[in-house]
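>>> predicted model and sequence below, questions to follow.
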Amino acid sequence: MPPYVITALTHPEPDLLAEVRDLRARAYAVHRPEVAPRMLEPDEIDERPGTVVLVARAEDGRAVGTIRHTARTDGPLPLEAEPDLRLPAGFLTGLWFETARYCVRPDFAPEGVAPVGLMLVKASYLTLAALGAAGTLVASRGAMAARFTDFGFVEPVPGAVIRLSQLGGLEHRVFALRMGVDDDAVTAAGHPFARFVREVDSPEIDLTGLREKFFAETSVPVSHPG
């Protein structure tokens, strides 16, 4: 049995959301302590229809990693990055998501297995694929930006920087992944991380029933093929 398992939740219970917020605060406290208190506050996006929260749990039950995907559907508000950035034609057509709140427990590093942070990125891609997503946006900074570009994320507006009010006005670059376009290109180029994400079986990831639960709870755009 792997030392942690990542599952996808479409309507997390309040107790779990409180645990996720605590994990976010712990992770942000390492590099951005001024932001950490904000992470403890309830976030309505976590409970919005069309949101998927991925949670990695250790064998002892602790939440050790998390990342969130929020759909841009017909009903809910636009994605967080949209008010600050005008995207070119061809983006946000179909079912798009925004990927955010990537956090890993700082003191969790089991030996002999892939790091939970790496597996959260893989689980994110598999989640988008399972839901038939057209793509996702992510606002990132620092070393994490390189991890996304390694898998083919592109800057829809090269060099653009936005300030996310939810994170205290910190500057972020915006990246996008067009499913079936950018991911195919980086796989064709032979990038080892792309092959790992798309071809290697990972028992640490369990997305059982995700697609059925998501579409039972969410109004998706008419242009979505599913």
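Okay, I see it. Residues are numbered from 1 along each chain as shown.

>>> other SSEs contacting the host helix or strand of His172?
Assigned by DSSP states H and E, His172 belongs to strand 170-178. In terms of contacts (3 or more C-beta pairs under 8 Å, 6 or more residues apart in numbering; DSSP states H and E), strand 170-178 is packed against strand 135-140, helix 143-150, strand 161-164. (Glycine included, C-beta is placed from N, CA and C.)

>>> among the ones you listed, which is the most enclosed?
Comparing the helices and strands packed on strand 170-178 by mean neighbour count (mean count of other C-beta atoms under 10 Å), strand 135-140 ranks first with a mean of 24.

>>> how far does it sit from its chain's centre?
How far strand 135-140 lies from its chain's middle: 8 Å, per C-alpha atoms, centre = their mean, to the nearest Å.

>>> sheet partners, orientation included, of that strand?
strand 96-104 (parallel), strand 170-178 (antiparallel) (DSSP bridges).

>>> hang on, the earlier thing: closest to Phe91 out of the helices and strands packed on strand 170-178?
strand 135-140 (7.1 Å; C-beta to C-beta).

>>> average pLDDT for the closest one?
Averaging pLDDT along strand 135-140 gives 86.

>>> can you tell me what sits against that strand?
Strand 135-140 has contacts (C-beta atoms under 8 Å, 6 or more residues apart in numbering) with 69, 79-81, 91-92, 94, 96-100, 124, 128, 148, 153, 156, 162, 164, 172-179, 181-182.

>>> CA atoms of the strand holding His172 as CSV?
Output of strand 170-178 as CSV, limited to C-alpha atoms (Å, rounded to 0.1, in the frame of the first residue of the first chain):
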residue,chain,number,x,y,z
LEU,A,170,1.3,38.9,-4.6
GLU,A,171,2.5,39.0,-8.2
HIS,A,172,1.9,35.9,-10.3
ARG,A,173,2.5,34.8,-13.9
VAL,A,174,-0.5,33.1,-15.6
PHE,A,175,0.0,29.8,-17.5
ALA,A,176,-2.5,27.8,-19.5
LEU,A,177,-2.6,24.2,-20.6
ARG,A,178,-4.8,23.4,-23.6
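
>>> where does pLDDT dip in the chain?
By pLDDT under 70, the low-scoring segments of the chain are 73-84, 112, 142-144, 163-169, 220-226.

>>> and the helices in it?
Ranges of helices within the chain are 14-31, 36-39, 116-130, 143-150, 182-188, 192-199, 210-217, based on DSSP state H.
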